[in-house]
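J.: give the three-dimensional model of this entry:
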Amino acid sequence: MSKLVRFGISLENELLFKFDENIKRKKYTNRSEAIRDLIREDLVKREWDENKNVVGVITLVYNHHKRELVNTLMDIQHDYHDNILSSQHLHLDHDNCLEIVAIKGRAKQIGELFGKLKSAKGVKYAGFTETTTGRDLS
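T.: Okay, here's the model as predicted:
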């Protein structure tokens, strides 16, 4: 178990006021929890910047009637089969589908996968959530 360390920081009143408003809006119980999350977010970003082994989620919305799009998306995913943990296909309505793809691997390779899926002709929206394996976070 890690030791708890207390430290002080100096901020302008206005910045602290905005931070406290943000804490309330996000339902944090205290400043420490919010600061810990900010630090963790920065550490996760660094993992991605340093091309470490990471995980994430890709979301795609597309019209499944678009000629050859489903096959194109499937071919791209098969080309990156080592990086795909799972995918889930949901029918939003008669025309539109949501694809959720859980991914793992080196950040650069996952970025390439996302770029190919996002740029496939007929994809209406593509989202990407970077996260961590958690190994380097406490």
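J.: mind listing what's buried in the longest helix along the chain?
T.: Using DSSP state H, we find that the single longest helix of the chain is helix 31-49. Neighbour-count burial for helix 31-49 flags 34, 44, 47-48 (criterion: 16 or more other C-beta atoms under 10 Å). Placement of C-beta: from N, CA and C, glycine included.
J.: show me the shaky parts of this structure.
T.: Applying pLDDT under 70 to the chain flags the ranges 1, 138.
J.: switch to 50 and redo it
T.: Residues of the chain meeting the criterion pLDDT under 50: none.
J.: is the residue positioned nearest the centre of it in a bridge, and if so with what?
T.: Centroid check for the chain by C-alpha atoms, centre = their mean gives residue 129 as the closest residue, at 1.3 Å. Note on residue 129: beta-bridge partners residue 57, judged by DSSP bridges.
J.: still on that earlier bit, packing partners of the longest helix of the chain?
T.: Packing partners of helix 31-49 (3 or more C-beta pairs under 8 Å, 6 or more residues apart in numbering; DSSP states H and E): helix 13-25, strand 53-63, helix 107-118, strand 123-131.
J.: out of those, nearest to residue 40?
T.: For residue 40, the closest of these is strand 123-131, at 10.4 Å, according to C-beta to C-beta.
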